[in-house]
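**Student:** Fold the stuff below for me.
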Amino acid sequence: MAEPADTALITGYHAHIYYDDESRPHAARLRELIEGRFAVAMGRWRDQPVGPHPQAMYQVAFAATEFAMIVPWLMLNRDGLTILIHPESGDAYADHAIHALWLGEKLALRLDILRKLIGA
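**Tutor:** This next block holds a predicted model:
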């Protein structure tokens, strides 16, 4: 086993809320609820796949101190939506591919895009 990673490397988290045409109203309602309850930075609506994300989504960025409040809330209130939660540790590939937490269906990310960033 490798040496344990230092959680101090985590500077924050991202939650990616995935949706399609049918679930977009649910995603909009969830976005409204998140903005009203938590200290977060909301990303734009991305109606087309972007980066490693295989379908439409928006990003929710939050501080490590918010994790214990927002993640359990998302577990109970995701309304059937798929959500990827990952740390921001400085290694985008590992954060998305290895250290990720999924709520709902685990999607196949386009990890080749992130591999190119690290030259793997």
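**Student:** ok, now how distant is the closest residue to Thr11 other than its chain neighbours from Ile10?
**Tutor:** Spatial nearest neighbour of Thr11, chain neighbours left out: Glu88 (4.9 Å); criterion: CB to CB, 6 or more residues apart in numbering. All C-beta atoms are positioned from the backbone trio N, CA, C, and that covers glycine. In this view, Glu88 and Ile10 are 7 Å apart by CB to CB, to the nearest Å.
**Student:** Same question for Ala94.
**Tutor:** Distance from Ala94 to Ile10, by CB to CB: 12 Å.
**Student:** do the same with Glu35
**Tutor:** Applying CB to CB, the value for Glu35 to Ile10 is 23 Å.
**Student:** Ok, Ala68 next?
**Tutor:** Counting by CB to CB - Ala68 and Ile10 are separated by 13 Å.
**Student:** So between these two, which is more surrounded?
**Tutor:** A direct count of neighbours by other CB atoms under 10 Å for Ala68 and Ile10 places Ile10 higher, at 18 against 9.
**Student:** What residues are recorded as beta-bridge partners of the closest residue to the more buried one other than its chain neighbours?
**Tutor:** Counting by CB to CB, 6+ apart, Ile10 lies nearest to Pro87, which is 4.4 Å off, once chain neighbours are set aside. On the basis of DSSP bridges, Pro87 is bridged to Tyr13.
**Student:** Equivalent analysis for Tyr18, please.
**Tutor:** Counting by DSSP bridges, the residues bridging with Tyr18 are Met57.
**Student:** Quick check: phi and psi at Asp47.
**Tutor:** The phi/psi pair for Asp47 (degrees, to the nearest 10) reads phi -80, psi -10.
**Student:** Quick check: what element follows the longest helix along the chain along the chain?
**Tutor:** As assigned by DSSP state H, the longest helix anywhere in the chain is helix 24-37. On the C-terminal side of helix 24-37, the nearest following helix or strand under DSSP states H and E is strand 40-42.
**Student:** List the buried residues for that next one?
**Tutor:** Val40 (16 or more other CB atoms under 10 Å).
**Student:** List the contacts of the residue nearest to Thr11.
**Tutor:** Going by CB atoms under 8 Å, 6 or more residues apart in numbering, Glu88 touches Ile10, Thr11, Gly12, Tyr13, His14, Asp95.
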